[in-house]
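Asks: coordinates only, no sequence provided:
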């Protein structure tokens, strides 16, 4: 018994020695703090226009310069973190709940329900994620609510497939068989016994899904289908700044770099959670 404990302790690194997890926590935590305290740390109102100060180079008054409407780029970048992170995180919740629930039910009961669900999942996977999101937002109209609906319509299938596969394995384990023999209801077995043991993979995937959602939001903003202006949003900032790329390169480059950093932080956080939850 002592040997098994020693082997296990050597195979699982403590969370504070997990480089990916620590880097992800630092980056994502810093971005969340910036988003939460945006009203306090942003030096200017992100939507107030000062046309007389349009397209200014970085200076002590405006660290990252101003855009074509004289708005402070740093302030819009800070407020953009609030918008993009809020939509990115909230857009994961609905497909996570719906997909995990349907996947667990289909995997547990099997039969025609499982067959129908998997055919629907296969149909969704036949189309590229971003193409479907763009088409749905175009149909529903631009705006935050349309983005939630579009992402939820497309993303739930991934969680359904992941959880279904985990439930197919878990329901054959001895503790589930014992629960059935003990007369427990199917709902109680799913919620109290199978659920906690299969959701870790869905949680890990959610981290990478947030990255996809943020990229979708930025892409929609770049195409003019995202959050309606003049709201500060990273994708629209990249779109607005690209016409000045040869003269004021920071207008488009800095928001793009922020998107890359946010994506890396979330990816590292997902990798760290994967090592921690699935050693």
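Replies: That came through, no problem. Values in this document were obtained by computation on a predicted structure and should not be read as measured data.
Asks: C-alpha only now, for contacts and for neighbours.
Replies: Noted.
Asks: element containing residue 268?
Replies: Residue 268 belongs to helix 250-277 when assigned by DSSP states H and E.
Asks: in that helix, which residues are buried?
Replies: Neighbour-count burial for helix 250-277 flags 250-256, 259, 262-276 (criterion: 16 or more other C-alpha atoms under 10 Å).
Asks: same check on stretch 158-176?
Replies: Neighbour-count burial for stretch 158-176 [16+ other C-alpha under 10 Å]: 158-168, 170-171, 176.
Asks: show me those that map onto helices.
Replies: 158-168, 170, 176 (DSSP state H).
Asks: I'd say residue 159 and residue 201 touch.
Replies: No: the criterion here is C-alpha atoms under 8 Å, and residue 159 misses it with residue 201 at 9.0 Å.
Asks: contacts for stretch 260-267, please.
Replies: Residues outside stretch 260-267 that contact it (C-alpha atoms under 8 Å, 6 or more residues apart in numbering): 23-28, 31, 207-208, 210-211.
Asks: okay, the closest residue to residue 238 other than its chain neighbours and residue 100: tell me how far apart.
Replies: Nearest residue to residue 238 in three dimensions, chain neighbours excluded: residue 252, at 4.3 Å (C-alpha to C-alpha, 6 or more residues apart in numbering). Distance, residue 252 to residue 100, by C-alpha to C-alpha, to the nearest Å: 38 Å.
Asks: returning to what we had before: any idea of the pLDDT on the residue nearest to residue 238?
Replies: pLDDT, residue 252: 91.
Asks: what of residue 149?
Replies: 90.
Asks: buried set for the strand or helix carrying residue 40?
Replies: For residue 40, the enclosing helix or strand under DSSP H and E is helix 38-41. By 16+ other C-alpha under 10 Å, the buried positions in helix 38-41 come out as 38-39.
Asks: what of stretch 192-202?
Replies: 193-195, 198-202.
Asks: so for it, what's the average pLDDT?
Replies: Per-residue scores along stretch 192-202 average to 84.
Asks: which residues touch it?
Replies: So stretch 192-202 is contacted by 96, 100, 104, 159, 162-163, 166-167, 170-171, 175-176, 274, 277-278 (C-alpha under 8 Å, 6+ apart).
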